[in-house]
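Peer 1: Generate a structure from the sequence data that follows.
(one chain, ligands or ions: 1)
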Amino acid sequence: MIIDLERRINQFYFSKKVFRPTDISLYVWDDIVPIRIIHRNGSTQAYTIKNLRYVFLDRTKPLPTRRVEIAHEIGHAILHCGNQLQVDITWRLKQEWQAQQFAFAALTPAHMVYPMIHVGDRCDRLSFELAETFCVPVDFMASRLDDLRGRVEMMCMDHVAEKIEDYVFMR
Ligand SMILES: [Zn+2]
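Peer 2: Next up is the predicted model:
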């Protein structure tokens, strides 16, 4: 599911001419997802009413945090339907995990991040630098790097280059 998600986002971004981290604007999702963002002071919350996702976004949070919150909600709007409050807790946790995976892939696409990871990079410094590059919080970037490194380590080294090429040149 995750690799498929990454591929789809890669293809979608390609079609929207999103090639670099600075090109990543969450507005590109407007065409395909019914979501309304309402800025307010107070914690971010979201509700689905008649298939439209309303996001009450805490405007006092820093931009990187707001980007993650919006991406997470876009993930729910794309991947899930119905009212989350009405589904059981196990299913809900799974949906939360999926929405988070969507936020990772949408804000820090694997095909952009992989070429920026090098053997021997210091994890904390890399998280800090890439958080700046992708305009996301440092802890979000650190989790994403853990996630991607885990996947790279699971693959045989011969296949890694192939995999990266796959991501970079995917249409
Ligand atoms: Zn959620």
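Peer 1: give me the element Lys17 is part of.
Peer 2: Of the helices and strands defined by DSSP states H and E, none includes Lys17.
Peer 1: Could you find the closest non-adjacent residue to it?
Peer 2: Once flanking residues are discounted, Lys17 sits nearest to Asp23: 7.0 Å by C-beta to C-beta, 6 or more residues apart in numbering. C-beta: built from backbone N, CA, C; applies to glycine.
Peer 1: ok, which stretches of the chain are strands?
Peer 2: In the chain, the strands defined using DSSP state E lie at 35-40, 45-49, 52-58.
Peer 1: Those: lowest mean pLDDT?
Peer 2: Least confidently modelled of the strands of the chain is strand 45-49, at a mean of 85 by mean pLDDT.
Peer 1: CA atoms of that strand as PDB?
Peer 2: Output of strand 45-49 as PDB, limited to C-alpha atoms (Å, rounded to 0.1, in the frame of the first residue of the first chain):
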ATOM      1  CA  GLN A  45     -10.000  19.700  14.300                       C
ATOM      2  CA  ALA A  46     -11.700  18.200  11.300                       C
ATOM      3  CA  TYR A  47     -15.100  16.900  10.500                       C
ATOM      4  CA  THR A  48     -16.600  15.200   7.500                       C
ATOM      5  CA  ILE A  49     -20.100  16.500   6.700                       C
END
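Peer 1: Of the strands of the chain, give the one that comes closest to the ion.
Peer 2: When these are compared by C-beta to the ion, strand 45-49 sits nearest the ion, at 7.1 Å.
Peer 1: Up against the ion, what does this structure have?
Peer 2: For the chain, the residues in contact with the ion (C-beta under 5 Å from the ion) are Glu96, Ala99.
Peer 1: Where do the helices of the chain begin and end?
Peer 2: Shown for the chain, the helices assigned by DSSP state H span residues 2-15, 63-79, 89-107, 110-113, 123-134, 138-154, 157-169.
Peer 1: which residue is nearest the centroid of the chain?
Peer 2: The centroid of the chain falls nearest to Ala103 when counting by C-alpha atoms, centre = their mean (2.2 Å).
Peer 1: correct me, but that residue touches Ala71?
Peer 2: Yes - contact criterion C-beta atoms under 8 Å: Ala103 and Ala71 qualify, at 3.9 Å.
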